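1. One predicted model, sequence on top.
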Amino acid sequence: MKIDILTIFPDFFRGPLDFGIVRRARETGLVEVNIHDLRAFTKDKHRTVDDRPFGGGEGMVLKPEPIFECLESFGVASRDERLAGDAKQSVILLSAQGRTLNQALGAELSGLDRMVLICGRYEGVDERVSEHLADREVSIGDYVLSGGELGAAVILDTVTRLIPGAVGNEASTRQESFTAHAELAGDGPSSTCVSGGLLDYPHYTRPADFRGMTVPEVLVNGNHDEIRRWRRKTALAKTARNRPDLLERIALTDDDKKLLAQIKGES
Ligand code: SAM
């Protein structure tokens, strides 16, 4: 996948691009990331990217010209083609007002051939970018950041690790928190390798006894049916405790309902 990031702070991405899965995906050619400095698309000697808002009010607004010209410099499919789904491309404006990123949207974006991320700053971006250039606005959560760069890094990471081949053991992305069956082709509802929309179950590693804090017995006794059941139960317990809203959105099996009743009885 080609990923283009438009920003006034290109150096911001040195860290996010250079570690772990994203770095490996770049090195193996699974993703090609290009960072574009919006100031290179200004025409005045101060390299001005912002201006005061029409109508008055606080702060400055990112001007449309550098953003339009930057995008035009590398050429993507037209907005109409992108909106019609004729091109596996998307131009995304990072915005607190956008659709909230979640694992399902990450999975959808991981199927693209090209993803462009436009990072706003100041009070935001001239609205014509959203109206005529981007095909969607994405938020990474209900809070306001100083700029879109952190959001772009979050999308970059979420999407890259969902591209087949990016994570060494592909099954590990299938059993993670929030991963529903529908998002993963080939996993039937009976698969034990999908979180089914629950939070992930707890993980432990060696030593089995660390300062008197011991690993649950069931995980060391080697009975795989018991381990599977324990994992499902602890995933349900953690979801009920930390994110009860998720339980309302997923189809619980009769066994899940029994386990939840047990969990309630134990607390
Ligand atoms: N005035 C805007 C508002 O109230 O919605 C906030 C602008 S914010 C200070 C500057 C830039 O940060 C935005 O243009 C956007 O690119 C980015 N940004 C802020 N919060 C974000 C979020 N939750 N998700 C994604 N991008 C965000």
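-> Perfect, I can see it now. Numbering: from 1, shown residues only.

2. which SS state does the residue in the stretch 151-267 of the chain that the ligand sits nearest to fall under?
-> When scored by CB to the nearest ligand atom, the stretch 151-267 of the chain has Gly151 as its residue closest to the ligand, at 3.4 Å. Backbone N, C-alpha and C define where each C-beta goes, glycine included. Judged by DSSP: H, G, I helix; E, B strand; the rest coil, the three-state class of Gly151 is helix.

3. contacting residues around it?
-> 94, 101, 117, 119, 138-140, 145 (CB atoms under 8 Å, 6 or more residues apart in numbering).

4. ok and the residue in the stretch 101-250 of the chain nearest the ligand?
-> For the stretch 101-250 of the chain, CB to the nearest ligand atom, closest residue to the ligand: Gly120, 2.1 Å.

5. where's that residue, which helix or strand?
-> Assigned by DSSP states H and E, Gly120 falls within no helix or strand.

6. give me every residue that touches the spatially closest residue to it that is not a sequence neighbour.
-> Nearest residue to Gly120 in three dimensions, chain neighbours excluded: Gly148, at 4.7 Å (CB to CB, 6 or more residues apart in numbering). When contacts are counted by CB under 8 Å, 6+ apart, Gly148 touches 7, 93-95, 117-121.

7. quick one, helices of this protein?
-> 14-17, 20-27, 64-74, 79-84, 103-109, 127-132, 149-160, 171-174, 217-220, 224-242, 244-249, 254-266 (DSSP state H).

8. Can you tell me which of the ones you listed is packed in deepest?
-> Comparing these by mean neighbour count (mean count of other CB atoms under 10 Å), helix 149-160 ranks first with a mean of 22.

9. Up against the ligand, what does the protein have?
-> 94-97, 119-121, 123-125, 139-141, 143-148, 151 (CB under 6 Å from any ligand atom).

10. Can you tell me which of these are classed as buried?
-> 94-96, 119-121, 124-125, 139-140, 145, 147-148, 151 (16 or more other CB atoms under 10 Å).

11. how far away is the residue of the stretch 101-250 of the chain closest to the ligand from Thr42?
-> The gap separating Gly120 from Thr42 is 16 Å, by CB to CB, to the nearest Å.

12. which residue is nearest the centroid of the protein?
-> The chain has Thr158 as the residue nearest its centroid, 3.5 Å off, counting by CA atoms, centre = their mean.

13. which residues does it contact?
-> Applying CB under 8 Å, 6+ apart to Thr158 gives the contacts 101, 103, 106.

14. 6 Å instead?
-> For Thr158, the contacting residues are Gly106, by CB atoms under 6 Å, 6 or more residues apart in numbering.

15. how far away is it from Asp256?
-> 27 Å.

16. before we move on, what about Ser78?
-> 46 Å.

17. And Gln97, by the same measure?
-> For Gln97, the distance to Asp256 equals 36 Å [CB to CB].

18. what does Ala77 give?
-> From Ala77 to Asp256 the distance is 43 Å (CB to CB).

19. Now do the contacts for the residue nearest to Val22 when sequence neighbours are not counted.
-> Distance criterion CB to CB, 6+ apart; nearest residue to Val22, sequence neighbours excluded, is Thr160 at 5.1 Å. Applying CB under 6 Å, 6+ apart, we find Thr160 in contact with 22, 25, 31, 166.

20. Looking at the residues you listed, spot the one nearest Arg249.
-> For the contacts of Thr160, the minimum distance to Arg249 (CB to CB) is 26.7 Å, reached by Ala166.

21. Contact partners for the residue nearest to the closest one when sequence neighbours are not counted?
-> Of all residues not flanking Ala166 in the chain, Ala25 sits nearest, at 4.6 Å (CB to CB, 6+ apart). Each residue near Ala25 by CB under 6 Å, 6+ apart is listed here: 31, 160, 166.

22. can you check Asp142 too?
-> With contacts taken as CB under 6 Å, 6+ apart, Asp142 has no neighbouring residues.

23. Please report how far it lies from Leu101.
-> Applying CB to CB to Asp142 and Leu101 gives a distance of 11 Å.

24. Having no further points to raise, I will conclude here.
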